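**Student:** after the sequence you'll find the predicted model.
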Amino acid sequence: MNQNQSMWSLRFSTAALVLIPVAVGINYIGKFIAGLLKLPLWLDSIGTVLAAMLGGPVVGALAGAINNIIYGFTDPISLVYAITSIGIGLAAGILFYKGFISSWSKAVMAGLMIGMVATLISTPLNIGFWGGQTGNVWGDALFAIVLANTDSIWLASFLDEIVVDLPDKLLVVLVSYGIFKGIPQNVVQLYNQSDKVETLD
């Protein structure tokens with residue numbers, strides 16, 4: 001099996017499938033901590049990125065989507081951004097698979113790249129559903145300033161999103177990489193795609 005087939009396979013080890021609810025739990029903890037500390041960040045995709053690193057982009061995308069669907073029961077806004085979470089999981093899985101999250105310096109670059117992916121997906125969603133704003137205090141303050149001075153809702157919304165997404169995803173990837181480095185190698189091997197005992201195809 002070549003690398004692309006392996007990366008995009010819908011056949012997973014049991015460990016990879018079990019990882020998905022664990023990732024959702026980690027996302028919830030991150031979001032809870034960000035809310036508790038009143039941080040201008042979301043921190044709700046640590047589990048998604050970690051799942052993508054361990055299980056691949058499809059597992060990461062599933063973890064992200066399920067995460068938003070569950071949030072959607074109490075916060076309908078989250079359902080809209082399931083597509084963003086899918087993009088984050090796919091991007092993180094691809095970058096890790098290609099060796100772009102293999103050191104702290106590379107993790108920084110990957111975090112910025114994933115932040116840009118999230119921004120490009122979320123900006124039109126923000127405009128379509130929420131008038132361009134994100135609901136983040138810092139981002140929305142910038143949105144108001146840019147809109148007042150340029151009258152461009154696209155530019156204002158893009159900057160609103162990116163000013164939060166870049167630092168958020170940078171921190172998320174660094175935390176995820178730190179967790180990954182702390183996982184014993186024999187545990188990491190459980191997610192080896194050559195050991196597939198479950199299938200979604």
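**Tutor:** All right, it came through fine.

**Student:** settle this for me: residue 104 is touching residue 170, isn't it.
**Tutor:** No: in this structure, residue 104 is not within contact of residue 170 by Cβ atoms under 8 Å, at 11.5 Å. Every residue, glycine included, has its C-beta placed from N, CA and C.

**Student:** this protein: helices as residue ranges?
**Tutor:** Secondary structure of the chain by DSSP state H: the helices cover 3-7, 14-36, 46-55, 57-72, 77-80, 82-97, 104-130, 137-150, 153-182, 185-188.

**Student:** just the CA trace of the last one, in PDB.
**Tutor:** Written as PDB, here are the backbone C-alpha positions of helix 185-188 (Å, rounded to 0.1, in the frame of the first residue of the first chain):
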ATOM      1  CA  GLN A 185       6.300   4.700  21.800                       C
ATOM      2  CA  ASN A 186       4.600   1.400  22.300                       C
ATOM      3  CA  VAL A 187       1.300   3.300  22.700                       C
ATOM      4  CA  VAL A 188       1.900   5.300  19.500                       C
END
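
**Student:** in contact with the nearest residue to residue 132 once chain neighbours are set aside, which residues?
**Tutor:** Nearest residue to residue 132, sequence neighbours excluded (Cβ to Cβ, 6 or more residues apart in numbering): residue 157, at 3.6 Å. The neighbourhood of residue 157, defined by Cβ atoms under 8 Å, 6 or more residues apart in numbering, consists of 123, 126-127, 132-133, 143.

**Student:** so, low pLDDT: which residues of this structure?
**Tutor:** Applying pLDDT under 70 to the chain flags residues 1-6, 193-201.
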